Structures are given as C-alpha cells and as structure tokens.
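Asks: starting from these lines, generate the structure:
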Amino acid sequence: GCKDFGPEMATKQHREVARGNAADESRVPSPVAKEQCRLVSAAIDAASRLPRACREMLAAGVEMSLGVPCHERDERQAAVVGFIRETLEQREADLEAQLKAAIVGSQEVRVGAEAEVQCVAKRTEEAASAAAASEAALGTQLQVYTDAICTAATAVEHFQAAEGKRNNMEQEALSLAMERRICDEGCVLLQQGIPPCDPNNSEVIAKAEEQISVIHGVAKKLGLEESLLLTLPSVARKAPSSRTNLDRMAAELLKEALAKQSVALGQAIAAKRALLASNGELQNAIVAAREALDVAEADKHAQFEKASSMEAEFNIVRNALKAAQNTEAASIAKLQQAEAGFRNAESELVKFREGPLAIFCAMQSSAPVDRAVNAKRGTEGGSNFDI
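Replies: A predicted model of the protein is given here:
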C-alpha cells in the first residue's frame, strides 16, 4: 500500500537507520550485493516525497541492512529493511500514479489529435488535388501562350514578306527611274558638252568627271562597241564647237543609244507603277497579314495575362497545400509526443520493477534476482508492488 511520510515517520526512520548503520561492520556484502545495494540506494534517492535527509540516511544504510542475508539481520537491520520496503512501495505507487496520469492524458490528447489528423489529412489531400489540377491547368495555359507566341511570330514573318515584296517592286521602279535620269542627263551632256567653268575650280571639275563616269557605266550596259565607249569621256568633255567630225559622229551614236535606253526604261517604269497601282492581290495580302498580326499579338497578350493570373492562383493553392502539410505534421507530432509521454512513464515503471524493486524482493528473502523477477511477473495478487 501507499503511505505518506510525515515528520514522525521520518524521525523514526532516521533513528532506526542510524542504529542499523552502527551494527557489526564485519558483515561485509559481496561485490554483487554491493552493486545491487547501489541500485536500490539510487531508487531511494529518487523517492522525492521522502525528506532529503531521510533519503540520504536510508540510502547509506542499504548496504549494512539489505546487503546482510536475511537470517543474519538483527532487529535494527530488519527495521531498516522495512523502511526501505515502505520507501520503494511509495516510489512504485508514485510511478503507477504517474503512468495512470500519462495514460489519461495521452488518451485525451490522442482522441483530439487523431480527429485533428484525420481532418487535416483530408484537407491536405484536397489541397494536393487542387494544387495538381491548378498546376496542370497552368501547364496547359503556358502551352497555349507558347502557341500564341509562335502564331504571332509567323504572322510577323508573313507581314514582313508581303511588305518586302511591295518594297522590292518599289525599289526596282526607283532604280529604273534613276537609270533613266542618267540616260537623259547623258543625252544632254553629249549634245551640249560640259559647260565652261573656271579651270581652277576643282569641285566643279570633280563633279563633272563623276557625272561622265556614271554615264559611262550606264552606256557599258547597252552593248555598244568598245571603241565607241572609249570615246565617250573625251567627247563629253569637249564643247560642241571644238569637236571633230569623228567626235560628232560618236556623240550622235552614243546619244541615240542613251535616248533609246531612256525610252525603254520609261516604259518599264510605267509598267512597274501600273502593276503596283493595280495589284490588289499584293495589297490585300499586306492588309490581311497586318490584320492577322494584330489578332495574333492581341491573343498573345491575352494568353499571357491569363497565364499570369493562373500562375498567381497556383501559388496561392500551393501555399495552402504547404500550410495544410505543416498543420498535419504538427498534429502528428502532438500525437507522437503524447504517445512518447505514456511510453516513457511505462518504461520508467517497468525499469523500476525489474530493477531496484526486483533486487529488493530478492535480497530481503535472499532469493536470486531472476527468480524474484519471474515470480513477480507470473503471480497475480502475490505482491503489493503490482498495479
């Protein structure tokens, strides 16, 4: 049974232990018995309900009382053994109460924690499903956005190709117009020659030479005889009055060829411009490409905005999943902590019973420890130390 240690009991124990410690010290326990007594003393020291001075005195008297075989103990040693028994009984009762409290507490925590774990686990599962669905939807939307980018890029290429075709035709017409102008200027130059100028004006002379060179380049494309082409620069530099008959003949032939080329170029330019003006298909292609580009760019922007919104929603769902997982982990930890408290209390009681208590049961009757432990485990109601 469990007994409270009041001041009178503590004083009585103190006197009996003191007398027991002064007994015949010739009865020295064996090394094994000394180690067993040390374990019992440690258990007595852990009995916090007994005053500290009594615990120290009682623990000091274990070896000289419990360590002596039961048939050799005197009355004082037997009394000390009785006090040790009472102390260990109280220690066992305290550990039993501690275990019962841990069981009740762990049951209460377990009921709440298990329900919480189930609820949180369901929320976690729902959050995980929502996160997976949101991530899949986001992936699909990002693919749509990627496709929109490709469509817009293709529309840009088509528009650029259509505009490029029109620009090439305009550039060709402009080149033909430039070449026709050179032919007309060449005809005038061959007819009138270079206007008189100051021989020392290098800028005017250089400009005139550049003009002759350009006209000579155009004339080379006309398929004229090489000898006629060689005379062009010298004829162009001379005034009409200073030209020889051969110069005049060469000038007429060159002027005639350039005039003919100018007429042909004029016709080509007119045809190009007419084609540009009347080519509705080309203009329609440009307009259609421009409209397709605008639509593609608008769709790309819309898909980007939608993808951004879905990404923000996914981040919210993912954060909710993380929060649910953290809550679930906390609930599981609470459940494990309650279980650990119960297991620790149970382990402490088992260690006490199989250690100091079993040693005491064996030593008070001088029975082997293992036999005492087995007897304690296998006998129901045969010991005051069982729960």
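Asks: only C-alpha atoms from now on, for both contacts and neighbour counts.
Replies: Will do.
Asks: what's stretch 230-245 in contact with?
Replies: With Cα atoms under 8 Å, 6 or more residues apart in numbering as the test, stretch 230-245 has contacts from 189-195, 212-213, 216, 247-248, 250-251, 254.
Asks: can you do 6 Å?
Replies: Applying Cα atoms under 6 Å, 6 or more residues apart in numbering, the external contacts of stretch 230-245 come out as 190, 193-194, 247.
Asks: next, the buried residues of it.
Replies: Neighbour-count burial for stretch 230-245 flags 231-233, 235-240, 243 (criterion: 16 or more other Cα atoms under 10 Å).
Asks: from the residues you listed, which single one is nearest A42?
Replies: Checking those against A42 by Cα to Cα gives P233 as the nearest, at 129.1 Å.
Asks: out of the contacts of stretch 230-245, which one has the weakest pLDDT?
Replies: For these, the minimum pLDDT belongs to I194; the value there is 73.
Asks: could you check how far Q171 is from E157?
Replies: 20 Å (Cα to Cα, to the nearest Å).
Asks: secondary structure, pLDDT and distance to Q325 added to the buried residues of stretch 230-245, as JSON lines?
Replies: Converted to JSON lines, the buried residues of stretch 230-245 look like this (DSSP: H, G, I helix; E, B strand; the rest coil; pLDDT from 0 to 100; distance: Cα to Cα, whole Å):
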{"residue": "T231", "secondary structure": "helix", "pLDDT": "82", "distance to Q325": "97"}
{"residue": "L232", "secondary structure": "helix", "pLDDT": "80", "distance to Q325": "94"}
{"residue": "P233", "secondary structure": "helix", "pLDDT": "84", "distance to Q325": "94"}
{"residue": "V235", "secondary structure": "helix", "pLDDT": "80", "distance to Q325": "98"}
{"residue": "A236", "secondary structure": "helix", "pLDDT": "78", "distance to Q325": "96"}
{"residue": "R237", "secondary structure": "helix", "pLDDT": "80", "distance to Q325": "97"}
{"residue": "K238", "secondary structure": "coil", "pLDDT": "80", "distance to Q325": "100"}
{"residue": "A239", "secondary structure": "coil", "pLDDT": "80", "distance to Q325": "102"}
{"residue": "P240", "secondary structure": "helix", "pLDDT": "83", "distance to Q325": "103"}
{"residue": "R243", "secondary structure": "coil", "pLDDT": "84", "distance to Q325": "105"}
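Asks: from the contacts of stretch 230-245, which two are the most distant?
Replies: Using Cα to Cα, the two most remote members of the contacts of stretch 230-245 are I194 and D247, lying 14.3 Å apart.
Asks: could you point out which element follows the helix or strand that contains A270?
Replies: A270 belongs to helix 245-278 when assigned by DSSP states H and E. Sequence-wise, the next helix or strand downstream of helix 245-278 (DSSP H and E) is helix 280-352.
Asks: now do the longest helix seen in the chain against helix 245-278, angle only.
Replies: Longest helix in the chain, counting residues (DSSP state H): helix 75-192. Orientation check (axes from the mean of the first three to the mean of the last three Cα atoms, to 10 degrees): helix 75-192 against helix 245-278 gives 130 degrees.
Asks: tell me which other helices or strands helix 75-192 touches.
Replies: helix 7-21, helix 245-278, helix 280-352 (3 or more Cα pairs under 6 Å, 6 or more residues apart in numbering; DSSP states H and E).
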